[in-house]
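In: build me a model from this:
(2 chains, ligands or ions: 2)
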Amino acid sequence: MASRLGVRAGQASPMDLSDTSIGDLSAACRRESEKYRRGEPSTDTYCFELFRRAVYSRDEAAWEAVVDQYRGIVLAWVLRQGGAVAADADYWVNRAFDRFWTAVRPERFGMFDGLPRVLKYLQMCAATAVLDEHRVQRATQHESLDELTDGAPQTARGQEVDGGDVETGALDRLSVAELWQAIVREVPEEGERTVLYCSFALGMKPAEIHERRPHLYPTVADVYRVKRNVLDRLRRSPAIRRLAQVVPDGVERQGVVPEKGG
Amino acid sequence: MTNIGCTRPGAVTPEAILAYVDGDASPDVAQHLRTCPACASEAQVYSRLQGRLGGALYRFDCPPAQALGEYELGLTSPEGRSGVARHVLDCPHCMAELLSLRTFLADDMALAPAPRGGPVEGLRRVVATLFVPAPGAGAAALRGGTDGEGATYRVEDLTITLGPGPPGPRGRASLMGLIVREDHDLEVSAGSTAHLLSATGEPVTAAIDELGSFAFDDIAPGNYGLELHLPGLIVAVEDVSVGR
Ligand SMILES: [Zn+2]
Ligand SMILES: [Zn+2]
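Out: Residues are numbered from 1 along each chain as shown, chains lettered A, B, ... in the order given. Ligands and ions are numbered 1, 2, ... in the order given. Below is the predicted model:
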């Protein structure tokens, strides 16, 4: 582990790098990384200190040196993901570094016991930046399904069904929690709630719900029965209508009459 | 429930209309919906309601991708770990993301120097996959006394055999397991443990004895994830079905 580099001769200890300039650290990190890549004995100390200054001390110059030093490696990770990600590599390299910077606040730097763990975390950021982007895209697709789903028929376009609230589909996170709480109040029974959760939080079709929970729903028809029942309850619930802005009054009155008796 | 204005009352049930919206309907239901404005309008109401709920709730309680990444890197607190594990067992999207992260992070090429191996030292985490023996192969000998319903998993030079133990009271189940290392003895330290992670309850822990066997008694039937904590290594076995 001991450094053989004469960085700042005269320091109390070769490992006490607190007075070492960013420029010197950066040069030493580069040199050691080269040795490491060639399979020669090397030390992580300078590179780790560079990260520590950047993340723990929020030192902008250190962060620039980190980005400069590791851009090539992050680029290799981005390119390995292929497709549209590789085609827009510079963008994703920057996103990976941004994510690392945001996720690792000074108080969290202690979770790294050395450079390998720091770099593994950076590698992880190169993947999660892309995963989160995919999630956003999927969620947007879902919202645009508002209008029509799976070729459902277009009817009675004139009848106020398409009120002005279509664009408000993207509820913020607070409203989503509120919506789910309202659903929980409206649908206290676990078997019913599971169908809702699987259908809308997990995006499963009834056949898939039956396959995954055969003990709860022995047939696909059971899933449909529960789902229909619960959806009919939700569309009549003022709280759910308000939160999800689901169906304007006129449509429901025109459409169905609730079953009488049992 | 009657659909007012239906051209052929009773021709389709509300469930059938819902199935149509979910892309699941039979041709005659689809045919009726093409010609009956009242049922078509009802389908549209379901479609919009589902679109709204899906748009608002889709993956609303999934841990952020970063949390899955930190889980994979072992940076999550023990309480956080069981929460993430439980969710992942239930959620096919997070499961797929976790597996893609695992594959991606297992690749050290960009970091590795020529001769010294990967840069991450210490605890490694590997996933054991189901091993299907060729007919007549000797794998049955590994079944450790279970009644043939056992399943064998492999990763590196480890073979993990899982099978049902004696049934417990009131429909409860048990699970027995055996870890065998191919060429040499399994190193099991005093702290080696097996953890059963469920989607609905707290994780259950059992000790792994010096012969590599472990047992969970009195557990609810269901699907679990299993983690074996061995010296320097965590072996994960996904989707273990117990008592089914
Ligand atoms: Zn009709
Ligand atoms: Zn999820």
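
In: can you pull the pLDDT of the residue nearest to residue A:239 when sequence neighbours are not counted?
Out: Closest residue to residue A:239 apart from its sequence neighbours, by C-beta to C-beta, 6 or more residues apart in numbering or on different chains: residue A:182 at 4.6 Å. To be clear about C-beta, it is placed using only N, CA and C from the backbone, and glycine gets the same treatment. On pLDDT, residue A:182 comes in at 90.

In: and the longest helix belonging to chain A, what does it pack against?
Out: If you go by DSSP state H, chain A has its longest helix at helix A:115-144. Using 3 or more C-beta pairs under 8 Å, 6 or more residues apart in numbering or on different chains; DSSP states H and E as the contact criterion, the elements in contact with helix A:115-144 are helix A:45-55, helix A:60-80, helix A:89-103, helix B:37-57, helix B:65-72, helix B:92-106.

In: in which helix or strand would I find the residue nearest to residue A:239?
Out: Using DSSP states H and E, residue A:182 sits in helix A:173-186.

In: next one: residue B:5
Out: Using DSSP H and E, residue B:5 falls outside every helix and strand.

In: please name every helix or strand in contact with the helix holding residue A:182.
Out: Contact partners of helix A:173-186 among helices and strands, from 3+ C-beta pairs under 8 Å, 6+ apart: helix A:190-196, helix A:220-236, helix A:238-244, helix B:37-57.

In: ok, now which ones touch the residue nearest to residue A:239?
Out: Residues in contact with residue A:182, defined by C-beta atoms under 8 Å, 6 or more residues apart in numbering or on different chains, are A:237, A:239, A:240, A:243.

In: swap in 6 Å and give it another go.
Out: Residues counted as contacts of residue A:182 (C-beta atoms under 6 Å, 6 or more residues apart in numbering or on different chains) are A:239, A:240, A:243.

In: between the helices and strands packed on helix A:115-144, which one is closest to residue A:175.
Out: Closest approach to residue A:175 among the helices and strands packed on helix A:115-144 (C-beta to C-beta): helix B:37-57, 7.6 Å.

In: how much space separates the residue in chain A that ligand 2 sits nearest to from residue B:97?
Out: Residue of chain A nearest ligand 2, by C-beta to the ion: residue A:202 (7.2 Å). Going from residue A:202 to residue B:97 by C-beta to C-beta, to the nearest Å gives 13 Å.

In: so between these two, which is more surrounded?
Out: residue B:97 (24 against 20; other C-beta atoms under 10 Å in any protein chain shown).

In: does that one touch residue A:131 like I think?
Out: Yes - with contact defined as C-beta atoms under 6 Å, residue B:97 counts as touching residue A:131 (5.4 Å).

In: one step back: distance from the helix holding residue A:182 to the middle of the chain?
Out: Centroid separation for helix A:173-186 versus its chain: 21 Å, with C-alpha atoms, centre = their mean, to the nearest Å.

In: where exactly do the strands run in chain B?
Out: Taking DSSP state E to define them, one finds strands in chain B at B:2-3, B:124-131, B:151-155, B:158-164, B:173-181, B:193-198, B:204-207, B:213-219, B:222-230, B:233-242.

In: what lines up beside the third one in the sheet?
Out: In this case it means strand B:151-155. Take DSSP bridges as the rule and strand B:151-155 pairs in its sheet with strand B:124-131 (antiparallel), strand B:158-164 (antiparallel).

In: just the fifth one next, same as before
Out: Partners of strand B:173-181 in the sheet, by DSSP bridges, are strand B:158-164 (antiparallel), strand B:213-219 (antiparallel).

In: any idea how far residue A:232 is from residue A:201?
Out: Noted for residue A:201: a distance of 20 Å to residue A:232, by C-beta to C-beta.

In: which parts of chain B sit against ligand 2?
Out: By C-beta under 5 Å from the ion, the residues of chain B that approach ligand 2 are B:62, B:91, B:93, B:94.

In: quick one, what contacts residue B:175?
Out: B:216, B:242.

In: what about 10 Å?
Out: By C-beta atoms under 10 Å, 6 or more residues apart in numbering or on different chains, residue B:175 lies in contact with B:146, B:150, B:162-165, B:194, B:196, B:204, B:206, B:214-217, B:219, B:224, B:226, B:240-243.
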